[in-house]
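Participant: For reference, the sequence and a predicted model appear below.
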Amino acid sequence: MANEGQPTVGPGAGGEAVSQAQRALRRTPDTTLAVDGKFGPKTEAATKAFQTAAGLPATGVVDAATWKALPDGNPMPTLRNGSEGDAVRSLQQVLTLGAAGLWETTPQGTDGHFGKNTEAAVRAFQSWAGLEADGVVGQQTWTAPPLALEFVTGLQHTVAE
């Protein structure tokens, strides 16, 4: 289980456990929740909404039962020039399929190797999404609206910290 062993977190808490809870909550229908590591009113409201939908007591605290019900809250990997593997291949597929009529630049292949063409496609996507176009796929790029790459690329690529 991806969220196993996480501590109970609630209003006023901070740190990586809160970030993991926020990532997990973003992966429910609430894709607007910011991942900032601070358990404030919006995180509490998102927690209560998730708990209600999951048939749990709506306490607003992420306890063991809530952790168990939440999807994987681990972060997606940071991908950059030189990265390799299935996560890169999936990213390349998404960047290729979505480019037409949107960011227009593709990685020119889906070989699982993050090279200059993939970097160019990432920069084009980032510009289209209103992000700093640095060519690195980190948390902001994975979760950029209106197309959260982490969902279409696949959460099977999360990495435990």
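Facilitator: Ah, there it is.
Participant: So which helix or strand of this protein has the lowest pLDDT on average?
Facilitator: helix 149-153 (a mean of 78; mean pLDDT, DSSP states H and E).
Participant: quick one: which helix or strand includes the most far-flung residue of the chain relative to its centre?
Facilitator: Residue farthest from the centre of the chain, counting by CA atoms, centre = their mean, is residue 57 at 26.0 Å. Using DSSP states H and E, residue 57 sits within no helix or strand.
Participant: can I assume it is in contact with residue 51?
Facilitator: Yes. Using CB atoms under 8 Å, residue 57 is in contact with residue 51, at 6.5 Å. Every C-beta, even on glycine, is put in place using the N, C-alpha and C of the backbone.
Participant: Skip the chain neighbours and tell me the closest residue to residue 81.
Facilitator: residue 119 (5.1 Å; CB to CB, 6 or more residues apart in numbering).
Participant: Could you measure from the one you found over to residue 107?
Facilitator: Distance from residue 119 to residue 107, counting by CB to CB, to the nearest Å: 8 Å.
Participant: give me the number of residues near the residue nearest to residue 81?
Facilitator: Around residue 119 there are 20 other residues, counting by other CB atoms under 10 Å.
Participant: what helix or strand does it sit in?
Facilitator: helix 116-128.
Participant: What residues sit buried inside the helix or strand just after that helix?
Facilitator: With elements assigned by DSSP H and E, the helix or strand that comes after helix 116-128 is helix 139-142. Within helix 139-142, the residues that qualify as buried are 141, 142, counting by 16 or more other CB atoms under 10 Å.
Participant: Which other helices and strands does helix 139-142 contact?
Facilitator: With contacts defined as 3 or more CB pairs under 8 Å, 6 or more residues apart in numbering; DSSP states H and E, the packing partners of helix 139-142 are helix 116-128, helix 149-153.
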